[in-house]
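>>> Sequence and predicted structure are below.
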Amino acid sequence: MRLSAGMTAVVTGAGGGIGRSLTVRLAAEGLRVVAADVEEAALDATAVLAGTPGVDVSTCVADVADPGAVEALADHAWTTFGGVDLLCNNAGVFQGGLLWECSTADVEWTLGVNLHGILNAVRAFVPRLIGQGTPAHVVNTASMAGLMTAAFTGPYTISKFAALAASECLAKDLAAVGAPITVSVLCPSLVATGIARSRRNRPAGLAAPLSESGAFVEQVLADTTATGLSADDVAAIVVEAVRRGDFLIPTRPSYAGQIGGRTEDLLALRLPRTPDID
Ligand SMILES: NC(=O)c1ccc[n+]([C@@H]2O[C@H](COP(=O)([O-])OP(=O)(O)OC[C@H]3O[C@@H](n4cnc5c(N)ncnc54)[C@H](O)[C@@H]3O)[C@@H](O)[C@H]2O)c1
């Protein structure tokens, strides 16, 4: 997909991490960006980094798990910039722990943001994108955790497998109806962001005590993501991949061995191995 100055992008989870870097990178490429997040102050800081707030970038506080808020985000984008060419469904949260220790609220929160956040945006944006009649592109952020499994990561991994499946189904639905809209799925390996501090955004209505196993994996995630790629590097990878027209956007060469090993194990009817993650 061609990305050029004057086009409009929407980025969710733009208050920090990969979403902030994507917003800044797309603005640097000359796109106007609607940046959305639940953290208003962080979002405002992103807008300042990206250019002139209100001109190059417009902010919108929106919880992607709330269908009404995502409809309002789409209204905001069309009202502010008159259309959308690139939609980046990037907002995401991490919740782990032994599966039998994860509460219904743990799973609801994780699926609410990581899966329903994408589906809410599909419903709010895709009919409008089709209505524009011009080429457009959707990038959903899943994870390498959408392509491989590991202990202590149940809610997150389940949500990311679902996000990957949603991206494949969306791409096929759009092709089936002949819409000029394409889809990519970003599957990062480790990235140095605030993902291990996701609980800062957990709504009070879905609060639940953190289990010992949940606390353990949160610490592992904090330690390992600190060694990951920078969010700026990931944003650059995304822009290049969208321009090339890639569906799958990995961030490390290790993705090939990880997918290959999993496929080999499944073909041999074995439980897929847990690869090292970088
Ligand atoms: N960091 C990694 O190692 C890694 C690896 C694979 C995938 N990912 C994915 O990348 C995406 C971005 O995460 P990140 O690593 O930049 O983490 P991050 O915590 O730094 O950024 C996530 C952003 O999403 C926002 N957010 C959280 N809940 C929201 C909601 N309900 N509605 C709107 N915004 C919300 C947060 O306020 C934050 O600004 C997520 O989907 C995550 O699962 C991250």
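Now that the structure is in, tell me what you want to look at. Numbers count the residues shown, from 1 in each chain.

>>> Could you give me the buried positions within the helix or strand harbouring residue 46?
In the assignment (DSSP states H and E), residue 46 maps to helix 40-50. Residues 42, 43, 44, 46, 47, 50 are the ones in helix 40-50 that count as buried (16 or more other C-beta atoms under 10 Å). (C-beta placed from N, C-alpha, C; glycine too.)

>>> Now do that helix: which elements does it pack against?
Here helix 40-50 touches helix 17-28, strand 32-37, strand 57-61, going by 3 or more C-beta pairs under 8 Å, 6 or more residues apart in numbering; DSSP states H and E.

>>> Go through the buried residues of helix 40-50 and name the one nearest the ligand.
When the buried residues of helix 40-50 are ranked by distance to the ligand (C-beta to the nearest ligand atom), residue 42 comes first, at 5.7 Å.

>>> how about the residues of the stretch 51-200 of the chain near the ligand?
63-65, 90-93, 113, 141, 143, 188, 190-191, 193-195, 198 (C-beta under 6 Å from any ligand atom).

>>> Filter the residues you listed down to the ones in strands?
In this view, these that belong to strands under DSSP state E are residue 141.

>>> Sitting in helices, which of the residues of the stretch 51-200 of the chain next to the ligand do you find?
The helices, defined by DSSP state H, take in residue 113 from those.

>>> which residue ranges form the helices in this structure?
Using DSSP H, the helices of the chain run over residues 17-28, 40-50, 67-81, 104-114, 116-132, 154-176, 212-225, 231-244, 255-267.

>>> buried set for the longest one?
What it means is helix 154-176. Those would be 154-164, 166-167, 170-171, 174, for helix 154-176 by 16+ other C-beta under 10 Å.

>>> for the fifth one, same thing?
In terms of neighbour count (16+ other C-beta under 10 Å), helix 116-132 has its buried residues at 116, 117, 118, 119, 120, 121, 122, 124, 125, 126, 128, 129.

>>> want to try a markdown table for the residues you listed, with pLDDT as columns?
Output for the buried residues of helix 116-132, formatted as a markdown table (pLDDT from 0 to 100):
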| residue | pLDDT |
| --- | --- |
| 116 | 99 |
| 117 | 99 |
| 118 | 99 |
| 119 | 99 |
| 120 | 99 |
| 121 | 99 |
| 122 | 99 |
| 124 | 99 |
| 125 | 99 |
| 126 | 98 |
| 128 | 98 |
| 129 | 98 |
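
>>> For residue 181, name its beta-bridge partners.
For residue 181, the beta-bridge partners are residue 136 (DSSP bridges).

>>> surely it meets residue 128?
No: if you go by C-beta atoms under 8 Å, residue 181 and residue 128 don't touch, sitting 10.7 Å apart.

>>> buried stuff in stretch 22-38?
Buried residues in stretch 22-38, counted by 16+ other C-beta under 10 Å: 22-27, 31-38.

>>> and the ligand, which of these reach it?
When C-beta under 6 Å from any ligand atom is applied, the members of those adjacent to the ligand are 37, 38.

>>> Report the two of the buried residues of stretch 22-38 separated the most.
31 and 38 (22.7 Å; C-beta to C-beta).

>>> contacting residues for residue 168?
residue 185 (C-beta atoms under 8 Å, 6 or more residues apart in numbering).

>>> let's see it at 7 Å
If you count contacts by C-beta atoms under 7 Å, 6 or more residues apart in numbering, residue 168 has none.

>>> any idea how far residue 120 is from it?
Per C-beta to C-beta, to the nearest Å, residue 168 is found 18 Å from residue 120.

>>> Then residue 131?
18 Å.

>>> So what's the residue count around residue 198?
For residue 198, the neighbour count with other C-beta atoms under 10 Å is 19.

>>> Give me the nearest residue to it, chain neighbours excluded.
Nearest residue to residue 198 in three dimensions, chain neighbours excluded: residue 93, at 3.9 Å (C-beta to C-beta, 6 or more residues apart in numbering).
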